[in-house]
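Enquirer: output the structure for:
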Amino acid sequence: MSKKKIVFLGGKSIGAYCLLYLLDHAHEFHIEVIAVGTKGNNTLETTKTAQNIAEKANIPILENLENFPNCDFIISVQYHEILKQKHIDKASSLAVNLHMAPLPEYRGCNQFSFAIIDDKKVFGTTLHKMTSGIDDGDIIAERRFEIAEDIWVEDLYKKTLAESKILFAENISQILSGDYQIVTQKSLEKKRGTSYHFRNEIKELKLIDESWSQEKKEKHVRATFMSGFEPPFSLINGTKKYYDKNSF
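Expert: Now for the predicted structure:
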């Protein structure tokens with residue numbers, strides 16, 4: 001029996017973790033990763049990236065989507081490009097994405113920040129079928145967890161990262177063997193709600209109005225202050241006044 005061929009698409013530390021997990025269990029899962037697509041070696045929290053893992057394992061790097069190879073599975077984890085249907089169709093069995101947010105509540109980007117702005121008590125991470133839409137495919141598996149009322153975005157990110165690793169490790173074997181059931185997002189929208197956020201919306205969230213209440217200012221700072229990125233700020237006579245964890 002031939003090995004299942006996988007194209008892995010991913011970035012950041014969760015992408016590196018999932019790629020390494022696949023390679024470590026390649027014999028057990030009877031798989032071969034034939035190509036890796038990734039943005040490069042930039043990452044928030046680790047020096048180990050999908051790119052250098054692939055290079056060390058002598059796996060070809062997918063330089064652009066036009067050279068997408070035929071495969072059995074596409075596994076996407078925090079990939080930076082949107083796949084078209086012609087790319088998804090390259091997978092004869094399944095294309096699956098790990099989205100670090102609960103679905104259908106938070107599709108798109110900046111999900112951690114908006115969950116804090118929305119005063120959510122529960123967050124989550126999701127494995128779902130890929131479609132040509134954005135994060136709207138059927139749910140295969142998920143993990144949900146309670147979050148503190150005063151949580152900061154960086155802490156929510158780290159918690160979701162840890163839960164995403166568990167989600168992937170606990171479910172990827174069944175996904176590769178076809179032993180899973182799906183739930184449509186449409187069937188959950190009435191109960192859970194749904195939204196879609198664009199990458200550039202974070203700029204608006206970071207702009208603090210000095211007339212806001214202390215509580216609202218604090219919420220926006222908690223939702224947008226993250227190490228390595230421009231802090232939230234207010235504009236006073238054209239000059240930026242930055243906020244951080246010590247501002248309140």
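Enquirer: what segments of this protein are strands?
Expert: 4-10, 31-37, 71-77, 91-99, 107-108, 122-129, 139-146, 196-197, 233-236, 239-242 (DSSP state E).
Enquirer: same question for the second one, mean pLDDT?
Expert: In this model, strand 31-37 has an average pLDDT of 98.
Enquirer: and the last one, by the same measure?
Expert: When pLDDT is averaged along strand 239-242, the result is 96.
Enquirer: could you check the angle the top helix by length along the chain makes with strand 71-77?
Expert: Assignment by DSSP state H gives helix 153-177 as the longest helix of the chain. Inter-element angle recorded for helix 153-177 and strand 71-77: 170 degrees (by axes from the mean of the first three to the mean of the last three C-alpha atoms, to 10 degrees).
Enquirer: any chance of JSON lines for the strands of the chain, columns mean neighbour count and distance to Gln51?
Expert: Yep, even glycine has a C-beta here, placed from its N, CA and C like the rest. Converted to JSON lines, those look like this (neighbours: other C-beta atoms under 10 Å; distance: least, C-beta to C-beta, whole Å):
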{"stretch": "strand 4-10", "mean neighbour count": "24", "distance to Gln51": "10"}
{"stretch": "strand 31-37", "mean neighbour count": "21", "distance to Gln51": "7"}
{"stretch": "strand 71-77", "mean neighbour count": "23", "distance to Gln51": "13"}
{"stretch": "strand 91-99", "mean neighbour count": "20", "distance to Gln51": "18"}
{"stretch": "strand 107-108", "mean neighbour count": "17", "distance to Gln51": "25"}
{"stretch": "strand 122-129", "mean neighbour count": "22", "distance to Gln51": "23"}
{"stretch": "strand 139-146", "mean neighbour count": "16", "distance to Gln51": "26"}
{"stretch": "strand 196-197", "mean neighbour count": "16", "distance to Gln51": "27"}
{"stretch": "strand 233-236", "mean neighbour count": "14", "distance to Gln51": "33"}
{"stretch": "strand 239-242", "mean neighbour count": "12", "distance to Gln51": "33"}
